[in-house]
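[1] The sequence isn't on hand, but the structure is:
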Ligand code: FES
Ligand code: FES
């Protein structure tokens, strides 16, 4: 009842509190941190994909004026290596050999970056190159050889199949097979990666400024790897210019920077330039899947078999290899929103002489959706059925929730069928089909692609680590204003706004009276950070639980001070009052004053002060968001150029905290999906040189590449706190499949199917000509 | 590092400066690290991303591609220069209202490009706005809300 009295901030389109500082150029990103005496680092990186280091001559660099130190492995013998999981780890500076182009070999510390780079030019290293391992299918069989002599190239292997798979597969009336492939990509945050470190002059503790998504994990890594007790390390995350999973790792450079600050007792900073970023930020995707599908004459899919392969690069990224995430999760969600009873998967993750593979938004999702939706479309075309109709025949029914998929994952309730039908209506599917037939007669090739997706969110473990919970400390200051600290690592998601919205509702205070603290291990309670679409549901859950506990405390105070029953107290606009008697009220400020300074009046049994820390661990190990994307493209069959002309999304991520922010996330993810399908590929040549080392070669979507999007929401609450589900990745899980399918649909007259991403104009022309000839 | 320094005089956001610079320092570096105007961001130093966009005599340029010495005698405007002493400019307000920024890293460059467009053409259509923004990459927003924010500045308030 008190609930109804308050303005509901949850679900409101609140403009972000972060914006003014960002809009006025006042925000402080990593490279904006400048401290007197700060040194800068440049790295000498491997020019070879695989080579032994024969000899290093560092003298000239050491003697160069303005250089303070030159570090090799000998000065920094630290390995990024989770020995419990992997046979291999990466030395933060190369040790005797290099395994990928761009691997850090030597660190030059100088008075500024220009000087450090000059000195880096003077470093002479003799290498004896080896034949690099570059092809995933060869690597699987240890060809041309092992990347790491003491261990096979396959570092992760897993097999799974549903009981009765073989028979069900064999007996099915129809079969198709296809190979699906995604190229290497990377997140390309517009702010490059960077780290700064210094010894705090007052306390002697090591302070590390890190552009990371996971502050506490970073503190743990630095503490463990450099053997500094955790309480003597502070990690501060300044403004972060995008993360997308790429900033969830601990990198060699982070450790070197921290080590230099410790060694030289000087503040020090390293900021990546764009070429370094493309070489050394974790790469993502790089999957090959050999898929077979069995189905009946009505288009009902009976079984899917998939050999999943991913190229993990030279070393497992720390602390997890993206290849394992790409494959093992894909294997568990491969059947997507469809009720497909049988599944058999074999996973192989291999080493190569390429940059380590890590997370990029939607890890596993783009390839799994590409397959799942690509399979449905292939079945439809084979049987001469409409792809929408084949989806209808296979979608999970509402009465099947909670639904256990063929891999054993449990889906909580969603709006699978409704969102699908709504999305078709939004785009005008039937009308499009009529128009498409006429267009084709005039030589215009338009196509529509449907992608019905599931998005596992708020998982007990994710790229943000195996911390399945999140924490929130709420403190009402003596003035009645609120600070709330969380262990999140936002990179543009607007947590300062969304978390404040949740807390404002619970406490009945105004949004402006709440400040959200994050990203500083000294102020934030221990938490997992941001990644794996967990901040909304788990971070938000922690904010709600802490808020509720604080609310209960405020009610006790108010009841005591107003001499009323607790059940009669209502909260709102920074006040507490007796229901129906608004004159009998007390401000939160007065309550706070009482709690801190007038302590004799504190109700019995309550502690002094107003501070609460709550931790929230969702009961379910995962909560599934869902939705449908529909893309319309036009393909110019003479130039091979594809344009995405219309796009519709129906999204269901449970209860919305802030619809505008959710829409921003969706639009950004769709743009990234368009990039994944049409533009973005990290290409290596036959020597293992990365040839896409600038943004002129690695192309990102521009404003003209992305169409207007129509977005609709559905809200099927989770049974977690607040009914919130995660949503950071769904748009990039769904969109590549939608766009790829639209291209396949446009090229149906040529019997073509897209099976490799990205689809370049050359590939389009090849598909057109194959048939045309 | 015996690189000789020279003194450059330039005007930034209406204020005259004399700075000692090395001939190889980019304008972006000098604005950020010598003058403390860190609102100008650097995303690529390859002239592609547009995060470093500033105005040189009122025209948008990429400050990562210009040497500071080339700015001698010119008037530079950065995001700090288009921000009023109190509050936000109308375009900044529109960005805020339309959720045209997430991480904010591309935002200063976007604002300068968009503001220059609007001064040239106060009522651009959507295609013109998208075309004008092609030199500014944003990885977070998918551009839609940025385009909406710019269109809302038209005298008609966003309606065509
Ligand atoms: S930093 Fe100048 S264009 Fe990217
Ligand atoms: S808001 Fe992050 S790059 Fe544009």
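    Sure thing, it's come through. This is a predicted model, so every value here is computed, not measured. Ligands and ions are numbered 1, 2, ... in the order given.
[2] contacting residues around residue 97?
    I'll assume chain A. When contacts are counted by CB atoms under 8 Å, 6 or more residues apart in numbering or on different chains, residue A:97 touches A:50-53. Any C-beta I mention is one placed from the backbone N, CA and C, and that applies to glycine too.
[3] hmm, I had chain B in mind actually
    A:15, B:149, B:152.
[4] By neighbour count, which of the residues you listed wins?
    Counting neighbours by other CB atoms under 10 Å in any protein chain shown, the top entry in the contacts of residue B:97 is residue B:149, with 26 neighbours.
[5] Secondary structure class of that one, three-state.
    Taken by DSSP: H, G, I helix; E, B strand; the rest coil, the conformation at residue B:149 corresponds to helix.
[6] My understanding was that it contacts residue B:93; is that so?
    No: assessed by CB atoms under 8 Å, residue B:149 is found out of contact with residue B:93, at 9.0 Å.
[7] List the contacts of the residue of the stretch 301-450 of chain A found nearest chain B.
    Of all residues in the stretch 301-450 of chain A, residue A:361 sits closest to chain B, at 10.0 Å by CB to the nearest CB. Neighbour list for residue A:361: A:187, A:244-245, A:669, A:672, A:728-729, A:732 [criterion: CB under 8 Å, 6+ apart].
[8] give me that answer again for 7 Å
    Applying CB atoms under 7 Å, 6 or more residues apart in numbering or on different chains, we find residue A:361 in contact with A:187, A:244-245, A:669, A:672, A:729, A:732.
[9] Flag the shaky bits of chain B, pLDDT-wise.
    Scanning chain B for pLDDT under 70 picks out the ranges B:1-2, B:158-160.
[10] now the spatially closest residue to residue A:761 that is not a sequence neighbour: how far from residue A:436?
    In space, and not counting its chain neighbours, residue A:761 is closest to residue A:640: 3.1 Å by CB to CB, 6 or more residues apart in numbering or on different chains. Separation of residue A:640 from residue A:436 (CB to CB, to the nearest Å): 20 Å.
[11] and what of residue A:82?
    Counting by CB to CB, the gap from residue A:82 to residue A:436 is 51 Å.
[12] the strands in chain B, which residues?
    Along chain B, counting by DSSP state E, strands occupy B:6-12, B:15-21, B:53-56, B:59-62, B:75-77.
[13] close to chain A, is the last one?
    No: contact between strand B:75-77 and chain A is absent, the nearest approach being 11.5 Å (criterion: CB under 7 Å from any CB of the partner chain).
[14] does any part of stretch A:682-690 sit near chain B?
    No: counting by CB under 7 Å from any CB, chain B is not contacted by stretch A:682-690; separation bottoms out at 15.0 Å.
[15] hmm, who's touching that stretch?
    With contacts defined as CB under 7 Å, 6+ apart, stretch A:682-690 is touched by A:49-50, A:101-102, A:132, A:134, A:183-186, A:278-279, A:283, A:353-354, A:691-692, A:698.
[16] closest point of chain A to ligand 2, which residue?
    residue A:190 (4.0 Å; CB to the nearest ligand atom).
[17] you'd agree that residue is in a strand?
    No: Residue A:190: not assigned to a strand; according to three-state DSSP it is coil.
[18] Just give me the neighbour total for it.
    Count around residue A:190 with other CB under 10 Å applied: 28.
[19] Domain-wise, how is chain B divided?
    Domain assignment for chain B, taken from automatic domain parsing, gives B:6-82, B:90-151.
[20] Which of those sits closest to ligand 1?
    Per CB to the nearest ligand atom, nearest to ligand 1 of the domains of chain B: domain B:6-82, 3.1 Å.
[21] can you pull out the helices in chain B?
    B:27-29, B:90-97, B:107-120, B:126-133, B:144-151 (DSSP state H).
[22] Turn those helices into CSV, including distance to ligand 1.
    Output for these, formatted as CSV (distance: least, CB to the nearest ligand atom, whole Å):
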stretch, distance to ligand 1
helix B:27-29, 7
helix B:90-97, 20
helix B:107-120, 8
helix B:126-133, 13
helix B:144-151, 17
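[23] quick one: the residue nearest to residue A:633 when sequence neighbours are not counted from residue A:648, how far?
    With sequence-adjacent residues excluded and distances taken as CB to CB, 6+ apart, residue A:633 is closest to residue A:742, at 4.2 Å. Distance of residue A:742 to residue A:648, given as CB to CB: 12 Å.
[24] So these two - more neighbours on which side?
    Legend: neighbour count by other CB under 10 Å for residue A:742 and residue A:648, higher for residue A:742 (29 against 25).
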